[in-house]
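[1] Quick one, fold the following:
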Amino acid sequence: MRRADRCRRGLLAALLMAAIAPAAFAAPAATAATRGFAVAPVRAGEQLACRVTTAGLPDERQLQSMRSGLVAALELELALVDEGDRVAAARSVTFRLAFDLWEEVFSVADDGGERRFRSLAELQAHLARLPALPLLPLSALHDGARYRLRAALVVRPVARDERERVGDLIAGQAPGAPGRQDRQEASVSLGRLIRFFYQGGRDERDGQETASGWFRAGEVPHEAH
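    A predicted model of the protein is given here:
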């Protein structure tokens, strides 16, 4: 490896360390489960939708990450189950949380597009009551049958694809370029670094789970506007 490459990689790694190291010494933040994570059914037109509410998001680790220029994420899994515990419908949504260091605005992006917020308070309000997430047509529910919604939430200080992007930078390769041994080593090192500082040694799949009460199709309230 050329000396210039080693220097560039070392500099980028040092900058990343400086950006995320404070999180290692911060007091553990309360999880969304302990501060309010709930799901409820709502009627959005002719669709059964999920109303998800949270509290304490983005958490301190995510803010550290976002303000250092990295992208955080919320991974949400939704499922509709019947009384036999059979899954009638399911959906996965990933919300990417970022902070534009130049314009100083926050953003949340998902498959439906991107929303931008001028202040942290606006971002927190948006995450506290996420837009209703359609799951399936109400006509698909059986008359008289009871259902409930289940939801699982994983809070990631660094989005999974963001790790690969930063790993490419440390390895000195353009995003999407064919892998080399030095890039693989850099990506592995980056993953260990992030897990050490942000995950505290825990399994990164750990998340919070919640469920709604039982309901029938005719009991689903209309979405409030």
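[2] so where is the chain shaky, pLDDT-wise?
    Applying pLDDT under 70 to the chain flags residues 1-35, 164-206, 225.
[3] Break down it into its strands, ranges please.
    38-44, 47-53, 72-82, 87-100, 105-110, 113-117, 133-137, 147-156, 208-211 (DSSP state E).
[4] Can you convert these into TSV and add a column each for mean neighbour count?
    All C-beta atoms are positioned from the backbone trio N, CA, C, and that covers glycine. Below are these laid out as TSV (neighbours: other CB atoms under 10 Å):
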stretch	mean neighbour count
strand 38-44	19
strand 47-53	21
strand 72-82	20
strand 87-100	17
strand 105-110	18
strand 113-117	13
strand 133-137	17
strand 147-156	21
strand 208-211	15
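[5] Ok, which of those comes nearest Glu219?
    strand 38-44 (8.3 Å; CB to CB).
[6] Using PDB, list the CA coordinates for that closest one.
    Extracted in PDB, the C-alpha atoms of strand 38-44 (Å, rounded to 0.1, in the frame of the first residue of the first chain):
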ATOM      1  CA  ALA A  38     -47.000   2.300  20.300                       C
ATOM      2  CA  VAL A  39     -48.900   1.200  17.300                       C
ATOM      3  CA  ALA A  40     -52.600   1.600  16.600                       C
ATOM      4  CA  PRO A  41     -54.900   0.900  13.600                       C
ATOM      5  CA  VAL A  42     -56.400   3.800  11.600                       C
ATOM      6  CA  ARG A  43     -58.600   4.100   8.500                       C
ATOM      7  CA  ALA A  44     -56.800   6.000   5.700                       C
END
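[7] Compare the strands of the chain and give me the one nearest His222.
    strand 38-44 (4.8 Å).
[8] Which elements pack onto the closest one?
    When contacts are defined as 3 or more CB pairs under 8 Å, 6 or more residues apart in numbering; DSSP states H and E, strand 38-44 packs onto strand 47-53, strand 147-156, strand 208-211.
[9] export these to JSON lines and tack on distance to Leu136?
    What follows is these, written out as JSON lines (distance: least, CB to CB, whole Å):
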{"stretch": "strand 47-53", "distance to Leu136": "6"}
{"stretch": "strand 147-156", "distance to Leu136": "10"}
{"stretch": "strand 208-211", "distance to Leu136": "17"}
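[10] Ser65: which of those is closest?
    strand 147-156 (8.8 Å).
[11] angle of that closest one against strand 47-53?
    Put simply, strand 147-156 runs at 50 degrees to strand 47-53, going by axes from the mean of the first three to the mean of the last three CA atoms, to 10 degrees.
[12] which strands and helices sit next to strand 147-156?
    Partner elements for strand 147-156 (3+ CB pairs under 8 Å, 6+ apart): strand 38-44, strand 47-53, strand 72-82, strand 208-211.
[13] Any chance of those strands in TSV with distance to Arg150 as columns?
    Listed next are the helices and strands packed on strand 147-156 as TSV, based on distance: least, CB to CB, whole Å:
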stretch	distance to Arg150
strand 38-44	7
strand 47-53	10
strand 72-82	5
strand 208-211	5
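[14] So which of the ones you listed is nearest Ala140?
    strand 47-53 (7.9 Å).
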